[in-house]
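In: build the 3D model from these lines:
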Amino acid sequence: MEYNHYNIKNDFPIMSREVRPGTRLVYLDSTATAQKPRVVIDAMSQYYELNNANIHRGIHQLAEEATAMYELAREKIAQFIHAHSIKEVIFTRNTTESINLVVQTWGRKFLQAGDLVILTEMEHHSNLVPWQMLAAEKNIELEFIPVRENGELDFQVFDQLLERNPKLVAFTHMSNVLGTINPAKEMIQKAHAAGALVLVDGAQSVPHFSVDVQYLDADFYAFSAHKMCGPTGIGILYGKEKLLDRMPPFLGGGDMIKKVLLRSFKANDLPHKFEAGTPSIAEAIGFGKAVDYLTQIGMDNIAAHEKKITQYALQKLKSIENLKIFCPDVPDRGGVISFEMGFIHPHDVAQVLDHYGIAVRAGHHCAMPLHEKFGLPATSRASFYLYNDFEDVDLLVIGLQHVNELFA
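Out: The predicted structure follows:
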């Protein structure tokens, strides 16, 4: 379909909001969470109004309707990422829980003292801290692919680390700070050739461009609904069926069981083996509708639109005195621009912009080690999505000019 960002912006009720009289919302914080279109909001409301029931075990009509809607959402998501089977699509709370699931099940069972896990310096804390916790518990070794000055990973060091026979490589597909899009397929091929499994943090990739987990040959792939126009509190762990079969359950109780005795239990079949208790049913339904929405627009169209907006923003921001972009020359980048403005603290930048209705993020963006590497305590971050347009960028530029004027 033809991409019309004006029509798309009208699909999102919050975009019509004035944050104060005469000042419209300019939302540039989609890397933290994306806004929700009306169709997602309506789908969740309709479930609560007409179909609300617990799923899988009930035999009354509402339970059967709710179960069908929940499992249809799983099917849509499996198709969206090109999973081989719905058994490989596990509902979790978010990307963080998906990564923790792998750490606490696969990691605990298959990693031994001295085993090597390779990460990168650009990881979100969600793909650092769980591994650090396991390393402290099991005495596994963590090593890191450095980030070069231009925002790319140092693949020479990656190759050297692979010579040490790692058991797993875990990396972000797209950096939430630099916007760097890592060459996932190439990295996965190299890791597999070295005998390692691969976990990919796809929180910033799945919402913004087409992802085919079979083409990538990822062993595990994690992402969240709320960053792709869906609700908060629900995410996905994709895992190859043969791996998930060998992993123990993550949490106990509810849907994850097939049989329970007083002193033992038998786990359920995939994917329910990893879905303990009453799940986020309305959220799953909203997630499925978000996938429908993105599919209708077209992920290639979304990626192309974001690239245009980002390139426009990179050019316009050059006119701002005192502004320095964090790794401006990343060769392959998504719709994320992090920057600093000399002595002006990022929180002050964000607060002034907020006065003009412009929402950006300020801080270390859950990537403290990356900021420390470049000697930055924090940055301001503007991020773009399918509903942003050139006017949003122009208003950001005007807002940043006001920041300079205020602190001159």
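In: for the host helix or strand of residue 199, what does the pLDDT average out to?
Out: Using DSSP states H and E, residue 199 maps to strand 197-201. Average pLDDT, strand 197-201: 98.
In: who does that strand pair with, and is each partner parallel or antiparallel?
Out: strand 168-172 (parallel), strand 220-224 (parallel) (DSSP bridges).
In: so, low pLDDT: which residues of the stretch 251-400 of the chain?
Out: Judged against pLDDT under 70, the stretch 251-400 of the chain has no low-scoring part.
In: what are the ranges of the strands in it?
Out: Here the stretch 251-400 of the chain has its strands, by DSSP state E, counting those that start in this stretch, at 257-260, 265-267, 324-325, 336-340, 358-359, 361-363, 379-383.
In: most tightly packed of these?
Out: Of all the strands of the stretch 251-400 of the chain, strand 379-383 carries the top mean neighbour count, a mean of 27, counting by mean count of other CB atoms under 10 Å. Every residue, glycine included, has its C-beta placed from N, CA and C.
In: export that one as PDB, just CAs?
Out: The C-alpha coordinates for strand 379-383 follow below in PDB (Å, rounded to 0.1, in the frame of the first residue of the first chain):
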ATOM      1  CA  THR A 379      22.600  11.600  26.400                       C
ATOM      2  CA  SER A 380      19.300  12.900  24.900                       C
ATOM      3  CA  ARG A 381      17.600  10.600  22.500                       C
ATOM      4  CA  ALA A 382      15.100  11.200  19.700                       C
ATOM      5  CA  SER A 383      13.600   8.100  18.100                       C
END
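In: what does that strand contact?
Out: 28-32, 177, 313, 326, 335-341, 346, 349-350, 360-365, 371, 396 (CB atoms under 8 Å, 6 or more residues apart in numbering).
In: ranges for the strands of the stretch 1-150 of the chain?
Out: Taking DSSP E, counting those that start in this stretch, the strands of the stretch 1-150 of the chain run over residues 18-20, 23-24, 26-27, 89-92, 116-120, 141-145.
In: those strands: which one's closest to residue 218?
Out: For residue 218, the closest of these is strand 89-92, at 12.9 Å, according to CB to CB.
In: counting contacts, what elements does that closest one pack onto?
Out: helix 61-81, helix 95-102, strand 235-239 (3 or more CB pairs under 8 Å, 6 or more residues apart in numbering; DSSP states H and E).
In: quick one: residues in contact with the second one.
Out: Applying CB under 8 Å, 6+ apart, the contact partners of helix 95-102 are 90, 92, 126-127, 130, 170, 199, 201-203, 220, 222-224, 235-237, 239, 250, 274.
In: with the longest one instead?
Out: Counting contacts by CB under 8 Å, 6+ apart, the residues outside helix 61-81 that touch it are 47, 51-58, 83, 85-86, 88-89, 91, 206, 211-213, 221, 236, 238, 271, 279, 281, 284-285, 287-289, 291-292, 294-295.
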